[in-house]
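**Q** Build me a structure from this.
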Amino acid sequence: MPRRGKRYLAALEGLPDTPFEDVRAALAAVKERATARFDETIEVAVRLGVDVRHADQQVRSSVTLPHGTGKPVRVLVFAKGEKAKEAEAAGADIVGDEDLIAKIQGGFLDFDVAIATPDMMGAVGRLGRILGPRGLMPNPKSGTVTQDVAEAVREFKRGRIEFRTDRAGIVHAPIGKASFTVEQLEENLKALIEAIIRAKPAAARGQYIRSVTVSSTMGPGVAIAPHRLTA
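**A** Coordinates of the predicted model:
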């Protein structure tokens with residue numbers, strides 16, 4: 001177990017041994033413990049009752065957070081012709097087709113979201129080993145493979161995020177910055193939880209949302225009772 005610094009240990013003081021029943025109180029506790037000299041990201045970890053070894057129990061989707069993430073998003077689009085022009089007009093940071101695929105194969109990864117038109121996926125598929133492990137591979141389930149690239153670009157610029165289960169069946173996602181108000185963080189968190197519930201696999205059995213833990217970049221995890229967010 002890694003050794004914890006004095007600041008981290010001090011931040012643990014005052015936290016209850018059981019999950020918070022009051023969502024706003026939990027988020028306020030997270031904000032109070034975000035004492036770094038930069039605007040820390042507030043992230044949530046949601047442990048789900050799924051077995052990700054089975055393809056039909058993996059969870060992957062996207063949601064537009066009401067207040068965004070507080071972070072500028074660099075959007076890349078794989079498209080040709082008119083669709084490429086539409087993406088550029090909508091504010092995409094990087095647009096291209098075969099030349100862009102070659103650039104990524106050469107090591108370029110300076111973007112946060114990748115969107116593709118369906119006709120480009122045959123070629124984009126060659127990037128699976130590069131983009132897949134980083135969660136950047138365009139996918140219809142997350143709204144990143146679409147004909148309406150302009151709307152997709154605008155959505156991600158407004159605060160749309162992708163989320164997916166990791167190998168342990170946990171969804172990790174940002175819900176804002178420490179500078180956000182408690183109310184803004186709560187609305188973003190509830191929007192994410194609602195999207196995770198909508199994405200529940202039909203094959204999932206038993207309790208779906210097992211635990212919800214919120215933390216800042218440098219702070220300790222603060223647990224929230226799941227039923228307070230799913231009622």
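**Q** Name the residue closest to the centre of this structure, please.
**A** residue 173 (3.7 Å; C-alpha atoms, centre = their mean).
**Q** tell me the contacts of that one?
**A** 43, 44, 46, 161, 163, 192 (C-beta atoms under 8 Å, 6 or more residues apart in numbering). To be clear about C-beta, it is placed using only N, CA and C from the backbone, and glycine gets the same treatment.
**Q** which strands and helices sit next to the strand or helix carrying the fifth one?
**A** Taking DSSP states H and E as the definition, residue 163 sits inside strand 160-164. Packed against strand 160-164, as judged by 3 or more C-beta pairs under 8 Å, 6 or more residues apart in numbering; DSSP states H and E, are the following elements: strand 60-64, strand 170-177, helix 182-198.
**Q** rerun that using 10 Å as the cut-off
**A** strand 60-64, strand 113-116, helix 149-158, strand 170-177, helix 182-198 (3 or more C-beta pairs under 10 Å, 6 or more residues apart in numbering; DSSP states H and E).
**Q** Nearest to residue 31, out of these?
**A** helix 182-198 (6.7 Å; C-beta to C-beta).
**Q** partners of the following helix or strand past the closest one, with directions?
**A** Sequence order places strand 209-216 as the next helix or strand after helix 182-198, per DSSP H and E. Strands that pair with strand 209-216, judged by DSSP bridges, come out as strand 41-48 (antiparallel), strand 222-224 (antiparallel).
**Q** could I get strand 209-216 in CSV with only the CA atoms?
**A** Presented in CSV, the C-alpha positions along strand 209-216 are these (Å, rounded to 0.1, in the frame of the first residue of the first chain):
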residue,chain,number,x,y,z
ILE,A,209,-25.0,0.3,-9.0
ARG,A,210,-23.0,-1.1,-6.1
SER,A,211,-21.0,2.0,-4.9
VAL,A,212,-20.4,5.6,-5.8
THR,A,213,-17.2,7.4,-4.7
VAL,A,214,-16.3,11.0,-5.5
SER,A,215,-12.9,12.5,-5.2
SER,A,216,-10.8,15.4,-6.3
